[in-house]
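**Q** next one to model:
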Amino acid sequence: VIVSSDDPYMYLFKDLDALGVIRLRVLEIGVGCELFAKHLFDVINKFLLEETLGRVKATRVTVIENYKNSASYKN
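**A** Below you'll find the predicted structure:
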């Protein structure tokens, strides 16, 4: 479960995480599709560049929240 650091129900998410019901991930940047797409792009590219010694990189990340909401990020 990915939530923004300012989520008003953070205490509940933390409790569920402590109980092992969820795996909580907290993002400081927010969790809107646009911000999340950029965050994933950055994380994936860092991983790919390190693991392949610079030979592979992502060119685009698309996040689909539901059939009405999605966002893409490309560098």
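
**Q** can you give me phi and psi for residue 33?
**A** phi -50, psi -40 (degrees, to the nearest 10).

**Q** that one touches residue 66, doesn't it?
**A** No: assessed by CB atoms under 8 Å, residue 33 is found out of contact with residue 66, at 9.8 Å. All C-beta atoms are positioned from the backbone trio N, CA, C, and that covers glycine.

**Q** which of the two has more neighbours?
**A** residue 33 (17 against 7; other CB atoms under 10 Å).

**Q** residues in contact with that one?
**A** Going by CB atoms under 8 Å, 6 or more residues apart in numbering, residue 33 touches 63, 65, 69-71.

**Q** same question for residue 44.
**A** Residue 44 makes contact with 58, 61, according to CB under 8 Å, 6+ apart.

**Q** how does it look with 10 Å?
**A** Neighbouring residues of residue 44 by CB atoms under 10 Å, 6 or more residues apart in numbering: 57-58, 61.

**Q** what residues of the strand or helix carrying it count as buried?
**A** Element membership of residue 44, judged by DSSP states H and E, is helix 33-51. Within helix 33-51, the residues that count as buried by 16 or more other CB atoms under 10 Å are 33, 35-39, 41, 45.

**Q** given the next helix or strand after that helix, what are its sheet partners and their directions?
**A** Later in the chain than helix 33-51, the nearest helix or strand by DSSP H and E is strand 60-66. Strand 60-66 sits in its sheet next to strand 69-74 (antiparallel), going by DSSP bridges.

**Q** could you give the angle of the strand it pairs with to helix 33-51?
**A** 40 degrees (axes from the mean of the first three to the mean of the last three CA atoms, to 10 degrees).
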